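In: the following comprises the amino acid sequence and a computationally predicted model.
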Amino acid sequence: MKRATPSRRRARTHSFSLLEVVIALGVIAVGIVGVLAVFPTALQTGHSAQDETRAAHIAQSVFGSLVAGATSQFNAVPLPPTSLTINLTAAPSPSPAPPTLYADNYGNLIPNSTNSAYAIFIYTNNAVPGFTDPASANLVTVRVAWPANAPPANQTFRDYVRIISRY
């Protein structure tokens, strides 16, 4: 009688079959494709949120400059960093003029369109409800549009409105 020696014994290994491996790889591939399909939308949403936040920051800095200068010189409020002044006693400007200011991609105001990401338009309307003297208060609208050098039909913009008074 022959005895089974350890070398003759069949060692049974536990492994996956080829079919199981192919199915597992298919499930993983479908999951990865689904996750990768979300990335473009997430990037676009993040960029849009960044632009919206910068637009509000830019408008707030323009309003800050106008408010700071309005108490002393309401008819010639300077807008740094340019030599531009805004006359808050002037007649209303319902249609947009050429961009008054520009801002770079970080939200810093710059005097020209070189390297600008945002165009800033300023409208005035001296018919402010509750104020009888147009020389004492003005309704100012700051429009921030991006991209700065695109045609108006291709720009996204936000309007910010504030009453600026000399008091």
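Out: Now that the structure is in, tell me what you want to look at.
In: burial check on the nearest residue to residue 111 once chain neighbours are set aside, number of neighbours?
Out: Once its chain neighbours are removed from consideration, residue 111 has its nearest residue in residue 82; the separation is 4.3 Å (C-beta to C-beta, 6 or more residues apart in numbering). The C-beta positions use only the backbone N, C-alpha and C, and glycine is treated the same way. By the criterion of other C-beta atoms under 10 Å, residue 82 has 14 neighbours.
In: for the one 4 residues further on, same thing?
Out: The local packing count at residue 86 equals 22, with neighbours defined by other C-beta under 10 Å.
In: again with residue 157
Out: The criterion is other C-beta under 10 Å. On that basis, residue 157 has 15 neighbouring residues.
In: now it: which helix or strand?
Out: Per DSSP states H and E, residue 157 falls inside strand 156-165.
In: just residue 26 next, same as before
Out: Element membership of residue 26, judged by DSSP H and E, is helix 18-70.
In: what's near enough to touch the most centrally placed residue in the chain?
Out: Nearest residue to the geometric centre of the chain (C-alpha atoms, centre = their mean): residue 51, 0.5 Å. The contact partners of residue 51, by C-beta atoms under 8 Å, 6 or more residues apart in numbering, come to 146, 156.
In: let the chain start at 5 from now.
Out: New numbering, starting at 5: the last item is residue 55.
In: how near is it to residue 160?
Out: Distance, residue 55 to residue 160, by C-beta to C-beta, to the nearest Å: 7 Å.
In: what is in contact with the two at once?
Out: If you check residue 55 and residue 160 against C-beta under 8 Å, 6+ apart, the residues they both contact are residue 150.
In: sorry, back to before: per-residue confidence for the residue nearest to the centre of the chain?
Out: Reading off the per-residue confidence, residue 55 sits at a pLDDT of 91.
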